[in-house]
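J.: Okay, structure incoming, though there's no sequence with it:
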Ligand code: GUN
């Protein structure tokens, strides 16, 4: 079997960001509307700081307004909720994202529930999760949305009847990914740490999405020949002697590429799609709040 096609998520995300920038240009010119995204970061988690910097940069590059709110690690839940209330009623902030994880004194569920569902560009509010679960359209979590775009780019728009396995049942990736694939008429299985025969489940899957957070867990002989393999894992190895750590996916890439039809690498696969989808969700939210259709490009 020939090597799998290596999916270039970076290029795909670049294309999507360009499309978003074109949509923003039309909204500005034709409707005097500049979509705006507010990002809230509490504390100094190093990975979160990198994400937030990059979200800010790409928001501005797409022609949108970016509002950054950096709060100290000791911020109380009440203070954070007050900030969110202000953003909920700010007409220039069409999207609100509270970067996770949050410090221990803050209850994540209470905070996410406070965000106006119409501005919930992460798609984490229970109202949007419920909409997705019941098959109606709301704001969809960015990483699964990016995965679905990649899958459709490879397999075409009609995914009816495909067998899909999602490994992982998080609220951020696994559950919304399964709901999206079900909405596309796939036969969906969700596997997790208690699944009895994970290799057997994987071997039946035409679409395999791995989102568990365990480096190189999915082996080559778990993969069905010709399957599309989407690796959401971002596992950092402990630093080596020079203090450098490497990023590894949930899939053993070297093995799986021998069997799969197409596969996303780590890094450079799913990762870049997440922010691109966040920008798209911000445009979607801005249009909905102004009773406009998203411009077709
Ligand atoms: N932390 C890591 N990924 C994400 C994300 O997609 N959204 C938010 N809000 N926090 C995160």
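T.: Arrived safely. What you are looking at is a predicted structure, and each value in this text was computed from that prediction instead of being measured. Numbers count the residues shown, from 1 in each chain.

J.: Which residues of this structure lie near the ligand?
T.: 97, 98, 99, 100, 122, 142, 274 (C-beta under 6 Å from any ligand atom). To be clear about C-beta, it is placed using only N, CA and C from the backbone, and glycine gets the same treatment.

J.: Show me what the first one is bridged to.
T.: Using DSSP bridges, the beta-bridge partners of residue 97 come out as residue 39.

J.: number of nearby residues for it?
T.: Using other C-beta atoms under 10 Å, the number of residues around residue 97 comes to 24.

J.: among the residues of the chain next to the ligand, which two are most distant?
T.: 98 and 274 (15.4 Å; C-beta to C-beta).

J.: contacting residues for residue 214?
T.: Contact analysis of residue 214 by C-beta atoms under 8 Å, 6 or more residues apart in numbering lists 233, 235, 250.

J.: Got the confidence number for it?
T.: pLDDT for residue 214: 96.

J.: in which helix or strand would I find it?
T.: Assigned by DSSP states H and E, residue 214 falls within no helix or strand.

J.: mind checking the SS state of the residue in the stretch 101-250 of the chain positioned nearest to the ligand?
T.: Closest contact between the stretch 101-250 of the chain and the ligand, by C-beta to the nearest ligand atom, is at residue 122 (4.8 Å). At residue 122 the chain is in coil, as set by DSSP: H, G, I helix; E, B strand; the rest coil.

J.: Isn't it up against residue 143?
T.: No: if you go by C-beta atoms under 8 Å, residue 122 and residue 143 don't touch, sitting 9.7 Å apart.

J.: what's the helix or strand for the residue in the stretch 1-150 of the chain positioned nearest to the ligand?
T.: At 3.7 Å from the ligand, residue 100 is the closest residue in the stretch 1-150 of the chain, using C-beta to the nearest ligand atom. If you go by DSSP H and E, residue 100 is not part of any helix or strand.

J.: Give me the neighbour count for the closest residue to it other than its chain neighbours.
T.: Spatial nearest neighbour of residue 100, chain neighbours left out: residue 108 (6.6 Å); criterion: C-beta to C-beta, 6 or more residues apart in numbering. Neighbour count for residue 108, taken as other C-beta under 10 Å: 14.

J.: repeat for residue 201
T.: Neighbours of residue 201 under the rule other C-beta under 10 Å: 18.

J.: So residue 257 versus residue 237, what's the distance?
T.: With the distance defined as C-beta to C-beta, to the nearest Å, residue 257 ends up 20 Å from residue 237.
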